[in-house]
Each structure stands twice: as structure tokens, then as C-alpha cells.
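**Student:** Fold the stuff below for me.
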Amino acid sequence: DSLLGRIAATFNVSANPFDSLETRLIGHFSRKTCLLVIDNCEHIIREVSGLLSELLHGCPNVKVLATSRVPLGLPFEQCIQIPPLPVPQVGDKLSKSLVSPAIQLFQARASAVDATFRLQESDLPHVQLICKKLSGIPLAIELVAARVATLPLSRIAERIDDKVLTITNLDPSVEQRQQTLNDAIRWSFDLLKPTEALLLQRVAVFSGGFQLPAAELVCTDASLPEDSIEEALSGLVRSSLVSFQRDHERYVLLEPIREFAARLLRESEQESAVRDRHVGWANELAEEAEPHLQQGDAAHWLTRLDQEHENFRAALRWATEPERRLRIAASLHRYWRMRGLHHEGIGWMSGVMHHAANIDPALLAKASNSLGILLWSEGRYEEAAERLRVAMTEYERLGNHQRMAGAMANLGNVLSDQGEFAESEVMHRRAILAYQEIGDATNEIRELSNLACCLCDGGKEQEGMEIFETVRQRQSGGEDFSAMATTSGNIAMVASLSGD
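**Tutor:** Purely as a prediction, here's the structure:
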């Protein structure tokens with residue numbers, strides 16, 4: 001039946017020989033003050049828009065509440081986005097979790113299929129994890145909660161990643177398109193334009209969201225030109241398959257939708273090419289950010305890398321070739337160190353370094369230095385010193401004296417922490433000389449500060465304090481406020497330990 005016919009039948013309105021059904025319906029509502037509710041309009045959007053345009057024009061006291069994954073496009077239309085249900089944090093106490101809408105829905109649906117179901121404190125971590133994995137999507141929560149009649153919660157939480165899209169609704173009165181989450185998403189997917197459908201599959205390679213420039217770089221090819229990305233992405237937002245976070249200028253897919261799109265991408269012949277471009281984008285971003293983490297805008301870049309952390313992990317998982325993985329990981333070492341994620345960085349790099357025979361020597365040197373710094377941060381001094389000596393030797397052989405000096409400086413710090421102050425002093429002085437020879441005043445000052453620390457720790461406080469004062473004088477008037485603060489702090493610490 002047409003929408004017009006169904007509304008007319010609901011209100012017992014019929015046509016006559018003189019008036020059309022639409023005219024009769026408008027006449028019926030023109031004398032009424034009412035709210036007309038129309039659910040799930042997206043598959044007949046043109047029919048709904050045309051009818052409601054005429055109805056609202058002729059019936060000033062009628063209001064319409066329409067649910068749809070896409071806007072109707074009517075004048076004076078007010079669109080309200082309905083977000084997923086708020087999801088509790090894993091680890092929240094029972095009292096806090098019980099007021100969570102996601103937990104309440106899970107508990108209500110589970111109780112409907114098993115009257116004996118009561119949420120216990122011991123069950124809570126499983127239910128919290130289930131709701132988190134389902135991104136708070138009501139339909140997904142209802143489908144999964146119904147499984148408590150046949151499976152323990154621990155088993156549901158364990159299997160949910162593989163099964164969520166195909167879990168079937170046990171209620172026979174539910175329409176086919178709501179029988180599984182896959183059916184619901186597929187129904188919306190089939191309404192997309194070809195460019196939108198193609199883009200949805202490709203943005204599934206992103207994990208944790210993405211920004212428009214990233215999508216333009218990763219998703220573009222001959223079948224999806226760059227100038228079509230913005231419009232197609234806007235269509236996905238209008239269809240409620242992608243959400244836009246205005247504060248961060250990021251686009252996000254709910255996990256079940258991303259899973260659905262990723263499966264379609266895997267079944268196509270495009271996955272390798274799209275994921276390779278994603279790896280390339282991640283590598284470029286990591287390399288661009290690396291130097292900024294030692295500059296005045298480090299806070300901005302830390303936030304930027306925090307936003308893309310899951311994307312880096314996805315790219316590293318796909319980049320199984322040692323050289324591609326090392327390029328990303330070596331550039332992220334400073335980020336991992338600043339965020340206390342030393343172990344993660346070591347994990348990505350250490351396994352690859354054992355297969356380093358055919359890796360570009362410059363990359364091998366950089367990766368050895370990066371890995372050495374992370375090992376040092378974990379207190380694994382012997383392994384750190386070994387990697388840093390490899391880096392120093394490789395850089396010297398390549399004639400890269402600036403990077404060689406950096407590896408020397410890092411090795412000097414490791415040796416100082418091991419109590420090898422004499423050898424540490426030699427390394428720091430060699431690094432200072434190298435920086436002086438190439439005219440790198442910024443790193444020379446940093447290395448003078450490292451030398452002063454080494455001397456003070458090794459019992460040469462007076463000489464160390466003199467160097468600290470030299471460093472402070474050379475830093476004054478500059479813009480490296482972090483370095484100035486570190487120097488002042490070091491001077492204060494040495495003075496305190498000396499009883500001053």
C-alpha cells in the first residue's frame with residue numbers, strides 16, 4: 001500500500017467522485033490539532049516528503065514526528081540526531097551501571113526471555129563489555145540480550161565480535177529487516193548511492209574515526225575521485241551510517257557498522273589497495289608529527305596522535321613487511337614514550353628487528369635508536385645500550401653525523417643510569433663536539449645539560465653546576481620553555497642534594 005492509502009485507512013478517510021484521496025485527507029486534518037507519527041521513512045523518502053509538504057501546507061495545526069535515517073528535506077524541518085545509548089565504563093560499580101540506559105535495556109530484554117535473570121556484581125564486567133562492543137546500539141543490545149536464555153554471559157561476551165551481525169531476533173512479529181543487525185544495516189546500505197556505498201566500505205579501514213583529508217587520501221582512486229569524497233561522506237552522515245563529531249572534526253562509524261562495511265571490503269578486490277593507502281597515510285602522519293614532539297607545539301601533536309592511535313595500530317597490524325612497519329613504529333617512539341606506552345612500541349619493533357637483513361640501513365639505524373630509547377625507558381639498560389651502539393655505528397657509516405650524535409647522547413644517558421659515569425661522560429662530550437661541528441646549537445645546549453647531569457651524578461658537582469649555568473645563560477631569551485624549565489629543575493635538584 002502507498003503511504004497516502006495507509007494514512008487514509010488509519011483515519012477512515014476515503015476518496016469520492018469529486019475529490020482525490022489526498023484532498024480528502026488534507027480536508028480531514030485541516031480541522032484538527034494533532035501530532036502525526038510516521039516511523040522509518042528512509043526507504044520511501046520522496047513519497048513521504050511530497051505528501052507531508054502538501055499536508056503541512058494545508059493543515060496549520062498538524063505537527064509531524066517522522067523517524068528516518070535521512071532528513072526529509074522539508075522547509076522548517078527540525079532534525080534531531082538520536083545517538084546510541086550511553087555505555088558504562090568497564091569496571092564501574094553495580095550501582096552506577098544500573099542507571100546506564102544500555103545496561104537497563106540489556107537487563108529488561110534479558111528478563112523478558114528469562115524471568116529468573118538478575119544482574120549480579122559478578123556478571124557486570126561481561127555485560128559492560130557487551131554493551132561497549134555493541135556501541136550502545138539498542139537493536140544490537142536487544143538481539144544479544146535475548147541470548148541469555150541459552151548461553152552464559154561470559155560466553156556471549158567472548159563470542160560477540162564474530163556473531164553480533166548475524167544473531168537472529170527471536171520475536172516472530174519483528175519485520176525481516178530487523179531480524180538481525182546485519183539485516184538492519186544491509187537495508188540502509190542498499191538505499192545508498194553507488195559512491196556512498198563504495199566509500200562506506202573503504203572508510204572501514206579506519207579505526208577510531210578519521211578526518212576528511214585522511215578519507216580523501218586513503219579512499220580515492222579512479223572509481224571514487226577525490227572531489228566526490230566530501231559529498232559521499234555527507235550522504236553517509238545524512239543516512240546515519242557515519243556520525244560527525246563537530247568538536248573534533250572527525251567522522252566515526254559505530255563498530256557494528258564498521259564491521260559490516262569491513263566484511264564487504266574483504267569480499268571485494270579493493271581491500272589490499274585501500275589498506276596499503278591507509279598504511280601510507282599513517283606513515284606520513286607519524287613522520288610529520290615526530291619532530292613536533294620536541295617543539296613548542298608538542299601538546300597539539302600529542303592530542304592529534306592520541307586521536308589517531310587506533311589507526312596507527314590498525315596500520316601496523318596490516319603492514320606485515322618489516323620495512324613498512326618499522327617506518328611507522330620508529331617515528332612513533334617519542335609518542336609512545338611520552339604516553340608511557342614503552343611496552344607497546346617495543347612489541348611492534350623488536351620482532352621485526354630480528355628480520356632486518358634487507359632493511360634500508362638508514363631505517364635500521366633510526367629504528368635501532370628508537371627501540372633503544374624505549375628499552376631505556378623500561379629500565380632494560382643492557383638491551384638499550386646494544387641497540388644504541390648499533391644505531392651509532394650505522395649512522396657513522398652512513399655519514400649522518402647529526403643522527404650519530406643523537407645516538408651517542410642517548411647511549412650516554414643509558415650509561416649514566418647504569419652508573420658507568422666515565423664512559424657516559426665520553427659519549428656526551430663526543431656528541432657535543434659533533435653538534436658543534438655541524439652547527440646545531442639547539443642540540444648542543446641539550447647535550448651540555450645531559451653532560452652536566454652525568455657529572456653531578458658521578459660526583460663532579462662543581463663542574464656540572466658550572467655547565468648548568470652556561471646552559472641556562474644560553475637558553476635565556478629563547479622559546480624552548482620546556483628545556484629552560486628542565487635546566488632550572490636540574491639545578492634545583494643538585495643544589496638540594498648538596499644541602500643548598
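**Student:** Which pLDDT value belongs to the residue nearest the centre of the chain?
**Tutor:** Closest residue to the average C-alpha location of the chain: residue 208 at 2.5 Å, with CA atoms, centre = their mean. Turning to residue 208, the model gives it a pLDDT of 91.
**Student:** what number of residues lie near the closest residue to it other than its chain neighbours?
**Tutor:** Once flanking residues are discounted, residue 208 sits nearest to residue 310: 3.3 Å by CB to CB, 6 or more residues apart in numbering. C-beta coordinates here come from the backbone N, C-alpha and C atoms, glycine included. The tally of other residues near residue 310 (other CB atoms under 10 Å) stands at 13.
**Student:** Same check on residue 213?
**Tutor:** Residue 213 has 11 nearby residues by other CB under 10 Å.
**Student:** next one: the one 5 residues further on
**Tutor:** Residue 218 is flanked by 24 other residues according to other CB under 10 Å.
**Student:** As PDB, could you dump the C-alpha coordinates of stretch 70-87?
**Tutor:** What follows is stretch 70-87, C-alpha atoms only, in PDB (Å, rounded to 0.1, in the frame of the first residue of the first chain):
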ATOM      1  CA  VAL A  70      18.000  10.600   6.300                       C
ATOM      2  CA  PRO A  71      16.400  14.100   6.500                       C
ATOM      3  CA  LEU A  72      13.100  14.600   4.700                       C
ATOM      4  CA  GLY A  73      14.400  17.900   3.200                       C
ATOM      5  CA  LEU A  74      11.200  19.900   4.100                       C
ATOM      6  CA  PRO A  75      11.100  23.700   4.900                       C
ATOM      7  CA  PHE A  76      11.200  24.300   8.600                       C
ATOM      8  CA  GLU A  77      12.200  20.700   9.300                       C
ATOM      9  CA  GLN A  78      14.000  20.300  12.600                       C
ATOM     10  CA  CYS A  79      16.400  17.400  12.600                       C
ATOM     11  CA  ILE A  80      17.300  15.700  15.900                       C
ATOM     12  CA  GLN A  81      20.100  13.200  15.900                       C
ATOM     13  CA  ILE A  82      19.300  10.200  18.200                       C
ATOM     14  CA  PRO A  83      22.700   8.900  19.400                       C
ATOM     15  CA  PRO A  84      23.400   5.400  20.700                       C
ATOM     16  CA  LEU A  85      22.700   4.700  24.300                       C
ATOM     17  CA  PRO A  86      25.400   5.800  26.700                       C
ATOM     18  CA  VAL A  87      27.700   2.900  27.600                       C
END
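**Student:** pLDDT (mean, whole number) over that stretch?
**Tutor:** Per-residue pLDDT values across stretch 70-87 average out to 85.
**Student:** buried sites along it?
**Tutor:** 70-72, 84-85, 87 (16 or more other CB atoms under 10 Å).
**Student:** again with stretch 34-48
**Tutor:** Using 16+ other CB under 10 Å as the test for burial, stretch 34-48 gives 36, 38, 41-42, 45, 48.
**Student:** next one: stretch 99-115
**Tutor:** Quick answer for stretch 99-115 (16+ other CB under 10 Å): 100-103, 105-107, 109-110, 112.
**Student:** Not counting that stretch itself, show me its contacts.
**Tutor:** Contacts to stretch 99-115, defined as CB atoms under 8 Å, 6 or more residues apart in numbering, come from residues 85-88, 92, 97-98, 117, 119, 127-128, 130-131, 134, 136, 138, 141-142, 144-146, 148-149, 170.
**Student:** If we use 6 Å, what do you get?
**Tutor:** Stretch 99-115 has contacts (CB atoms under 6 Å, 6 or more residues apart in numbering) with 85-88, 97, 117, 119, 127, 131, 136, 141-142, 145-146, 148-149.
**Student:** name the element the residue nearest to the centre of the chain belongs to?
**Tutor:** Assigned by DSSP states H and E, residue 208 belongs to no helix or strand.
**Student:** you'd agree it is up against residue 308?
**Tutor:** No: using CB atoms under 6 Å, residue 208 is not in contact with residue 308, being 7.2 Å away.
**Student:** Just give me how far stretch 114-121 sits from the chain centre.
**Tutor:** Relative to the centre of its chain, stretch 114-121 is centred 34 Å away, using CA atoms, centre = their mean, to the nearest Å.
**Student:** Below-threshold pLDDT in the stretch 351-500 of the chain: ranges please.
**Tutor:** Low-confidence segments of the stretch 351-500 of the chain, defined by pLDDT under 70: 355-356, 477-483, 496-500.
**Student:** should've said the stretch 101-250 of the chain
**Tutor:** 160-180.
**Student:** again, only this time at 80
**Tutor:** Residue ranges of the stretch 101-250 of the chain with pLDDT under 80: 139, 143, 146, 149-150, 159-184, 187.
**Student:** so where do the helices sit in it?
**Tutor:** 101-113, 124-133, 138-145, 153-163, 181-189, 194-203, 212-219, 229-238 (DSSP state H, counting those that start in this stretch).
**Student:** Present these as a markdown table; the columns should include distance to residue 396.
**Tutor:** What follows is the helices of the stretch 101-250 of the chain, written out as a markdown table (distance: least, CB to CB, whole Å):
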| stretch | distance to residue 396 |
| --- | --- |
| helix 101-113 | 58 |
| helix 124-133 | 50 |
| helix 138-145 | 57 |
| helix 153-163 | 48 |
| helix 181-189 | 57 |
| helix 194-203 | 44 |
| helix 212-219 | 37 |
| helix 229-238 | 46 |
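**Student:** most tightly surrounded among the ones you listed?
**Tutor:** helix 138-145 (a mean of 24; mean count of other CB atoms under 10 Å).
**Student:** what about dumping the CA coordinates of that helix to CSV?
**Tutor:** Extracted as CSV, the C-alpha positions of helix 138-145 are listed here (Å, rounded to 0.1, in the frame of the first residue of the first chain):
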residue,chain,number,x,y,z
PRO,A,138,19.6,-0.6,21.0
LEU,A,139,18.8,-3.2,18.4
ALA,A,140,22.1,-4.9,18.9
ILE,A,141,21.7,-4.9,22.7
GLU,A,142,18.2,-6.4,22.4
LEU,A,143,19.4,-9.1,20.0
VAL,A,144,22.3,-10.1,22.2
ALA,A,145,20.5,-9.9,25.5
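**Student:** Next, the angle helix 101-113 makes with it.
**Tutor:** Between helix 138-145 and helix 101-113, the angle comes out at 40 degrees (axes from the mean of the first three to the mean of the last three CA atoms, to 10 degrees).
**Student:** could you say what helices and strands helix 138-145 packs with?
**Tutor:** Counting contacts by 3 or more CB pairs under 6 Å, 6 or more residues apart in numbering; DSSP states H and E, helix 138-145 packs against helix 101-113, helix 181-189.
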